[in-house]
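Participant: what would the 3D arrangement of this be:
(one chain, ligands or ions: 1)
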Amino acid sequence: MSADADADAGADAGADGAPLLAVDGIQTYYGDSHVLEGVDLEVREGEVVALMGRNGVGKTTTLRSVLQLTPPREGSIRYRGEELVGRETHEVADRGVGWIPEDRRMFAQLTVEENVRVAVPNADDTAAALELAFETFPDLEERREANAGDLSGGQQQMLAIARGLVGDNDLLLVDEPSEGLAPLVVEAVAEALTAAAADTSMLLVEQNLPLALDVADRFYVLDHGTVVDEGDTDDVSADAERLRRYLSA
Ligand SMILES: Nc1ncnc2c1ncn2[C@@H]1O[C@H](COP(=O)(O)OP(=O)(O)OP(=O)(O)O)[C@@H](O)[C@H]1O
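Facilitator: Prediction:
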C-alpha cells in the first residue's frame with residue numbers, strides 16, 4: 001500500500017467510527033520482567049478514557065508502549081488504523097499523539113507564554129495556539145509573564161495540559177495529572193482536563209477515582225498486566241465499590 005493510500009485508509013478508519021487508538025493484545029517487558037500480558041483497549045474520536053489500577057500494574061508502561069518508548073514484543077497498536085508498533089517515537093508524535101508525563105515536563109526558566117510558544121510545532125500557528133491555551137485556562141493568562149518554575153503545582157499541571165493541547169495533537173496521553181496535588185487543586189485540574197477534552201481525545205492514567213469518573217467517558221482497570229474491568233463511567237459512578245477493590249492496595 002502506498003503512503004497516500006495508507007493515509008486515506010487512516011482517514012476512513014476515523015470517519016466510519018473505527019477507534020482513534022486500538023491497542024490489541026500487547027505484551028511489554030522491561031528486560032525479563034513481563035509487565036503487560038495482553039492489554040486490549042480503545043479510545044474513540046472525542047473520548048476521554050481513564051486507565052486505572054494500583055501502583056505498578058503497568059499504566060505508565062501502557063502509555064510508553066503506545067509511544068514506542070518501550071515497544072511491545074507482541075500485539076498491535078493502531079492509530080487511525082495505522083500500525084504504530086515498529087515505528088520510532090518521533091513518528092508516533094508526528095501523527096498527533098502527545099504525551100503529558102507524570103513529571104509535567106516544562107521549561108522552569110521560561111515564562112508561561114514562552115512555554116506555550118515553544119510547544120507549537122508551526123510558528124505560523126502561534127497566535128491561535130496562545131488564544132486556545134489562554135481561553136481554555138484563564139488562570140494561566142493571568143500568569144502569562146510568570147516563570148513556569150514559580151507556578152503552583154496545579155498551575156504547572158494546567159500549563160502541561162495547555163502545552164499538550166497546542167501541540168497539534170489529536171490524542172493526549174496524560175499520566176497521573178492529580179499526583180501530589182491538594183484536593184482543591186485536583187478539582188481545578190479536573191476542570192482543566194474537561195476543558196481540554198473539547199479539543200482532543202485523551203487516554204488518562206489516573207488513580208484518583210472521583211477525578212477519573214468526573215472527566216472520563218469510559219474506563220479500563222488494569223491488574224496483573226491485563227484489563228480486568230471496563231465500562232462507561234456513568235455506570236460505575238453509583239457503584240464505586242466495583243472499582244475500589246482494584247484500586248486500594
Ligand atoms: N524502566 C523500567 N525498568 C524496569 N522495570 C520497570 C521500569 N519502569 C517500570 N518498571 C516496572 O514495571 C511495572 C509497571 O510499572 P508502571 O510504571 O507501568 O506502573 P503504573 O501502573 O504506572 O504504576 P505507578 O502508578 O506506580 O506509576 C512495575 O513493577 C515497575 O517497577
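
Participant: just the buried positions in stretch 129-149, please.
Facilitator: 129-130, 132-134, 136-137, 139-140, 143, 148 (16 or more other CB atoms under 10 Å). All C-beta spots, glycine's among them, are computed from the backbone N, C-alpha and C.

Participant: within reach of the ligand, which of these are there?
Facilitator: Filtering the buried residues of stretch 129-149 for proximity to the ligand by CB under 6 Å from any ligand atom leaves nothing.

Participant: and L211, that's in a strand?
Facilitator: No. Read with DSSP: H, G, I helix; E, B strand; the rest coil, L211 is helix and lies in no strand.

Participant: three-state assignment of the closest residue in space to Q156 that isn't next to it in sequence?
Facilitator: Distances taken as CB to CB, 6 or more residues apart in numbering place R104 nearest to Q156, at 5.3 Å, with adjacent residues excluded. Three-state call for R104 (three-state DSSP): coil.

Participant: got the residues of this protein near the ligand?
Facilitator: So the chain meets the ligand at 30, 33, 35, 53, 55-61 (CB under 6 Å from any ligand atom).

Participant: same thing but 5 Å
Facilitator: 30, 35, 55-61 (CB under 5 Å from any ligand atom).

Participant: as TSV, these with distance to E241 and secondary structure would be great.
Facilitator: TSV is the format used below for the residues of the chain next to the ligand (distance: CB to CB, whole Å; DSSP: H, G, I helix; E, B strand; the rest coil):
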residue	distance to E241	secondary structure
Y30	33	strand
V35	27	strand
N55	20	coil
G56	22	coil
V57	19	coil
G58	23	coil
K59	21	helix
T60	26	helix
T61	27	helix
